[in-house]
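Asks: No letters, just coordinates:
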């Protein structure tokens, strides 16, 4: 198999694992990986179980896609991530139930647990709503993309990006766990205790050599 086929299969495997983990439903969500001068991305409206490496769509740096295929309707925000984050090589988007629920409340996930630092800071910010697939949504995401490796999208779901597909998927699962925990805490009190910025800075430093980090 050539490099493109191998990477396309890795994208499909990521999609299938995302569903097995309960992070996504049906044809919702999308996954991409940086490739050549652009990226490979899941197509629009095809169930993950029906995907083959030939189904995966190449989108170039200017946003042009292969003429005989249609990329995910949300390809624009994948493009924005790759344009703004040269350190990123994979993007995972899903409609994970707990993340979507927090996004509907239009709340950031605060530093309720030290694992919040896995996304690069002391919160998981919630990006203002815009119609899925729209240029406006991509522009909204562009305002946050440099600040974290995971974002909630208001009334929508979760966006994660990392150096490879394995790390991006791991991060998506971790943020869903945090969202679930946050919702449980909100059912008890709206004044949820959080860790201070100094402690999060300490954790961020420790994460540079944290043993649970997936190897690049």
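Replies: Thanks, I have the structure now. For clarity, every value in this text was computed on a predicted model and none was experimentally measured. Numbers count the residues shown, from 1 in each chain.
Asks: which SS state does the most centrally placed residue in the chain fall under?
Replies: Centroid-nearest residue in the chain, with Cα atoms, centre = their mean: residue 160, separated by 2.0 Å. Judged by DSSP: H, G, I helix; E, B strand; the rest coil, the three-state class of residue 160 is strand.
Asks: Roughly how far does it sit from residue 64?
Replies: The spacing between residue 160 and residue 64, counted by Cβ to Cβ, to the nearest Å, is 25 Å. In short, each C-beta sits where N, CA and C put it, glycine included.
Asks: Which residue comes closest to residue 115 once chain neighbours are left out?
Replies: residue 174 (5.9 Å; Cβ to Cβ, 6 or more residues apart in numbering).
Asks: Quick check: which element contains that neighbour?
Replies: Using DSSP states H and E, residue 174 falls within helix 165-186.
Asks: That helix: which residues count as buried?
Replies: 165-176, 178-183, 185-186 (16 or more other Cβ atoms under 10 Å).
Asks: Check stretch 43-52 too.
Replies: For stretch 43-52, using 16+ other Cβ under 10 Å, the buried residues are 43, 44, 48, 51.
Asks: Please apply the same query to stretch 1-19.
Replies: Those would be 7, 8, 10, 11, 12, 13, 14, 15, 17, 18, 19, for stretch 1-19 by 16+ other Cβ under 10 Å.
Asks: can you map out the strands along the protein?
Replies: Counting by DSSP state E, the chain has strands at residues 30-35, 38-41, 57-59, 90-94, 126-127, 150-153, 157-162.
Asks: Those into TSV, with extra columns for mean pLDDT?
Replies: Listed next are the strands of the chain as TSV, based on pLDDT from 0 to 100:
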stretch	mean pLDDT
strand 30-35	98
strand 38-41	98
strand 57-59	98
strand 90-94	98
strand 126-127	98
strand 150-153	98
strand 157-162	98
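Asks: looking at the ones you listed, which is closest to residue 113?
Replies: strand 150-153 (13.7 Å; Cβ to Cβ).
Asks: tell me what the closest one is packed against?
Replies: helix 97-104, strand 126-127, helix 135-142, strand 157-162, helix 165-186 (3 or more Cβ pairs under 8 Å, 6 or more residues apart in numbering; DSSP states H and E).
Asks: No further queries at this time; thank you.
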